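Participant: coords please:
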Amino acid sequence: QLDGSKSDFAGLILSNYPVNKTVYNFNYKINNLSGNNNVITTLNFNRKKYENINYNFNINYNLFNLNERLELKKANYNYNYWLNLWYNYFRTYNIKLTLNWYKYDANHLPMYDALNRLNGITIFQQQNFEGHKNFSCRLYSDICFFFSEYSAKNDVNNGSIINNKIIVGLPTYPVNNKMKLNAQILRNKLINNGVKKIVCVLDENSLDDDRFHTGHDFQRDNYNYILLELFKNKKLGVIFKPKSPSTLRERLGNINGLLNKAIKTGRCYIYEEYEKGIPYSKSTPLVAALSSDLVIHGHLSAGTAALETASNNIPTILIDPEKNLENIFYKKLNNNIIFENWNSAIRATNKLLFNSKNANKKIGDWSNIIKFFDPFLDNNSNSRIGNFLNDLNINLSKKLSKSQSIKIAIENYKKQWGDDKIIL
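Facilitator: Numbering: from 1, shown residues only. Modelled structure (predicted):
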């Protein structure tokens, strides 16, 4: 079981896939995982050297100027460097399956090429919700596990080439008794300090340069407005779940003073735990939301966490100061879920939580549409992924071809979950 902490091994922990058939690479030395759970670990892609292989791009360099030729030759070199690294690494450890999620650059292409030469299968798992077409999010893969039919078709519209598209649901973990107990302990802690209702605020990180991400001022608003409301309303409790707690205090600037003052009231809590070398929070959005009466996600454009909490029947609203009108959320959700700024979101919060006579129960209610984003709603996507991988592993171990192995696994998946969970 998982206790609400994020894990790269969720698909193993929650499925029948054999742990001793798993290889995991580290780029720096940490405690060896092998001693506890038989995962094969490597450091810096330690590998044997086999024959050198190359991909010939057939580029006519005469069509380009000097700078362009240099860039093309650099790209050609980098591709073949990684092609050989992956090829030798996969051969060294007899790897036939890869599970990846990071598709936001071209580095997965030589990985696909190398594994394909070894009759292996490249697999992607969707981790982030994309609400509209985005050319930079395209990928190339044998198989991809998606949240929903919408997500699968949106990736195709991005220009992705995916031979097999499989619907598994959102990447949440099952809510077990330990998670419920910890959530109730935190809730009781705030209630003991006078709180009647609790809001969980999810932020989406920020960068110094707001041309490429939300800037720090944007994220400071996600703390400032609700903290001011906390001091105004003594019955309000606030739980913050930052995406990147390792840099949060630095990014908050002078809002830190307000946050520290709020924590001292006993009505405010922040999930600040993270592992060394990993800047992101150890805890999932869902584990933070379980203690709350309402979730406020501060950035509609990156709404994965909101989907995760809404899919567990926790009232959830989105704030969209950027007015991302192309996002599918605007076609599927209404003005009881999407708010243009913090002032309107706080007014809605008070209507839902503190207006006992005329509480607007429609605020944050996704019940009529949530299945569009996750047809399962059971928090078992990792189990489905791990068991599908196990099926592939069994088929490949029988010396079946790549295409035969995939075909059998897909037919088995259809029998268990339905034909509509495979998108052609």
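Participant: low-confidence ranges in the protein?
Facilitator: 1, 29-37, 209-210, 212, 277 (pLDDT under 70).
Participant: which residue is nearest the middle of this structure?
Facilitator: Centroid check for the chain by CA atoms, centre = their mean gives residue 127 as the closest residue, at 3.3 Å.
Participant: Report the contact partners of the closest residue to it other than its chain neighbours.
Facilitator: Take residue 127 and drop its neighbours on the chain: the residue closest to it by CB to CB, 6 or more residues apart in numbering is residue 101, 4.4 Å away. In short, each C-beta sits where N, CA and C put it, glycine included. Listed by CB atoms under 8 Å, 6 or more residues apart in numbering, the contact set of residue 101 reads 124-127.
Participant: for this protein, which helix is longest?
Facilitator: helix 66-92 (DSSP state H).
Participant: Tell me where the stretch 201-350 of the chain has strands.
Facilitator: Ranges of strands within the stretch 201-350 of the chain are 236-241, 268-270, 294-297, 316-319, 338-339, based on DSSP state E, counting those that start in this stretch.
Participant: want to throw those into a markdown table with distance to residue 62 and mean neighbour count?
Facilitator: Conversion of those to a markdown table gives the following (distance: least, CB to CB, whole Å; neighbours: other CB atoms under 10 Å):
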| stretch | distance to residue 62 | mean neighbour count |
| --- | --- | --- |
| strand 236-241 | 55 | 25 |
| strand 268-270 | 59 | 22 |
| strand 294-297 | 52 | 27 |
| strand 316-319 | 52 | 26 |
| strand 338-339 | 53 | 20 |
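Participant: circling back: off-centre distance for the longest helix of the chain?
Facilitator: Remark: helix 66-92 is offset 28 Å from the chain centroid, using CA atoms, centre = their mean, to the nearest Å.
Participant: out of the contacts of residue 101, what pair is the most spread apart?
Facilitator: 124 and 127 (9.2 Å; CB to CB).
Participant: just to revisit the earlier point, need the buried ones from the contacts of residue 101 selected in ChimeraX.
Facilitator: Command for ChimeraX that selects the buried part of the contacts of residue 101, burial taken from 16 or more other CB atoms under 10 Å:
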select :124,125,126
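Participant: What about the contacts of residue 101, which are in strands?
Facilitator: Among the contacts of residue 101, the members falling in strands (DSSP state E) are 124-125.
Participant: Just give me the closest of the contacts of residue 101 to residue 133.
Facilitator: Using CB to CB, the contacts of residue 101 come closest to residue 133 at residue 126, 15.2 Å.
Participant: thinking again about what came up before, what separates the residue nearest to residue 127 from residue 11, distance-wise?
Facilitator: 11 Å (CB to CB, to the nearest Å).
Participant: related to what we said a few turns ago, kindly reformat the strands of the stretch 201-350 of the chain as JSON lines containing distance to residue 200.
Facilitator: Formatted as JSON lines, the strands of the stretch 201-350 of the chain follow (distance: least, CB to CB, whole Å):
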{"stretch": "strand 236-241", "distance to residue 200": "5"}
{"stretch": "strand 268-270", "distance to residue 200": "10"}
{"stretch": "strand 294-297", "distance to residue 200": "5"}
{"stretch": "strand 316-319", "distance to residue 200": "9"}
{"stretch": "strand 338-339", "distance to residue 200": "16"}
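Participant: among these, which is nearest residue 73?
Facilitator: Here strand 294-297 is closest among the strands of the stretch 201-350 of the chain (CB to CB), at 44.4 Å.
Participant: Quote the end-to-end distance of stretch 298-314.
Facilitator: In stretch 298-314, first residue to last residue: 16 Å (CA to CA, to the nearest Å).
Participant: For that stretch, buried residues please.
Facilitator: For stretch 298-314, by 16+ other CB under 10 Å, it's 298-312, 314.
Participant: Stretch 362-379 too?
Facilitator: 362-366, 370, 373-377, 379.
Participant: can I get those in CSV with distance to residue 388 and secondary structure?
Facilitator: Shown next, in CSV, are these (distance: CB to CB, whole Å; DSSP: H, G, I helix; E, B strand; the rest coil):
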residue, distance to residue 388, secondary structure
362, 37, coil
363, 38, coil
364, 33, coil
365, 33, coil
366, 27, coil
370, 23, helix
373, 21, helix
374, 17, coil
375, 16, coil
376, 14, coil
377, 19, coil
379, 17, coil
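Participant: quick one: which of the residues you listed is nearest residue 26?
Facilitator: residue 379 (28.5 Å).
Participant: Good, we can wrap up now.
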